[in-house]
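*Asks:* Here is my input, please return the structure:
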Amino acid sequence: MKNAFIRLVAFLFENHLLEGYRLVFFTDGASVIRDYIEKYFGFRQHSIILDWLHLEKKCNEFLSMCLKGSKEDKAEIKQHLVSILWTGRIDKAIKYLESLKPANIKNANKVTELKEYLNRKSPNVTCYALHRELNLRISSNRVEKANDIVVATRQKHNGMSWSKSGSGALAIITATRINGELENWMATGEVEFKMVG
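*Replies:* Numbering: from 1, shown residues only. Next comes the predicted model:
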């Protein structure tokens, strides 16, 4: 991860993307990623936003473990919580969880864990509804898709097993081919360090 952040800083400097731009990082909420962002970008203004898809998925996982009742009741609770989080209101989401009837709770410890998770992530939760309305990003889905194209599509099939170096080497070749750099890289051993597209 350290090497990835060093390369990211270098890429942004080389392409003049640190001048006049506010950096926005979408993360899955992992503290190690947040720590690296603060270490390498603490010198300038930036925002860290919890990726909407990860937030929604995490809440659904917790709710699956802590709710009981009919399928419809559970779906209604999930939908209500998600609609609150869609507007970024963590305090209201926690109050809603606290208001759930005992008849709907299968595992109170998981409800507590969900509330603690929301409290921890609250500094990085935004009003996703407003972002969507303004045509701003709410998730890292472009990065996830790029990973699918560069790594998963080629390397994640039944029966496949890759060493770390083999997986990395194939990802590099795939990325240079997709970026139209493969011939130049094979001839010169170098790739452009410029923003394209």
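
*Asks:* List the contacts of Ser167.
*Replies:* Residues near Ser167 by Cβ atoms under 8 Å, 6 or more residues apart in numbering: 151, 155. To be clear about C-beta, it is placed using only N, CA and C from the backbone, and glycine gets the same treatment.

*Asks:* Now the helix or strand hosting it: average pLDDT?
*Replies:* Taking DSSP states H and E as the definition, one finds Ser167 inside helix 164-178. Mean per-residue pLDDT for helix 164-178: 81.

*Asks:* now do stretch 50-68
*Replies:* Mean predicted confidence for stretch 50-68 is 95.

*Asks:* coming back round to it: the very next helix or strand once past the helix holding Ser167: which residues count as buried?
*Replies:* From helix 164-178 onward toward the C-terminus, using DSSP H and E, the following helix or strand is helix 182-188. For helix 182-188, the neighbour count (16 or more other Cβ atoms under 10 Å) marks Trp185 as buried.

*Asks:* and what of stretch 49-69?
*Replies:* Here stretch 49-69 shows 49-52, 54-56, 58-59, 62-63, 66-67 as buried, counting by 16+ other Cβ under 10 Å.

*Asks:* that older thread, go through the helix holding Ser167 and flag the buried ones.
*Replies:* Quick answer for helix 164-178 (16+ other Cβ under 10 Å): 171, 174-176.

*Asks:* Would you convert these into JSON lines that also reports distance to Thr153?
*Replies:* JSON lines is the format used below for the buried residues of helix 164-178 (distance: Cβ to Cβ, whole Å):
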{"residue": "Ala171", "distance to Thr153": "11"}
{"residue": "Thr174", "distance to Thr153": "9"}
{"residue": "Ala175", "distance to Thr153": "12"}
{"residue": "Thr176", "distance to Thr153": "16"}
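
*Asks:* Tell me the one of the residues you listed nearest Arg142?
*Replies:* Ala175 (14.6 Å; Cβ to Cβ).

*Asks:* Where does pLDDT dip in the protein?
*Replies:* Applying pLDDT under 70 to the chain flags residues 154, 157-159, 196-197.

*Asks:* elements contacting the helix or strand containing Lys95?
*Replies:* Lys95 belongs to helix 90-98 when elements are defined using DSSP H and E. In terms of contacts (3 or more Cβ pairs under 8 Å, 6 or more residues apart in numbering; DSSP states H and E), helix 90-98 is packed against helix 71-86, helix 108-121.

*Asks:* Now the next helix or strand after the last one: buried residues?
*Replies:* In this case it means helix 108-121. For helix 108-121, the succeeding helix or strand toward the C-terminus, using DSSP H and E, is helix 128-133. Residues of helix 128-133 classed as buried under the neighbour-count rule (16+ other Cβ under 10 Å) are 128, 131.

*Asks:* Off-centre distance for the helix or strand following helix 128-133?
*Replies:* Next along the chain after helix 128-133, taking DSSP H and E as the criterion, comes helix 141-147. The chain centroid and the centroid of helix 141-147 are separated by 10 Å, computed with Cα atoms, centre = their mean, to the nearest Å.

*Asks:* Understood, closing this out.
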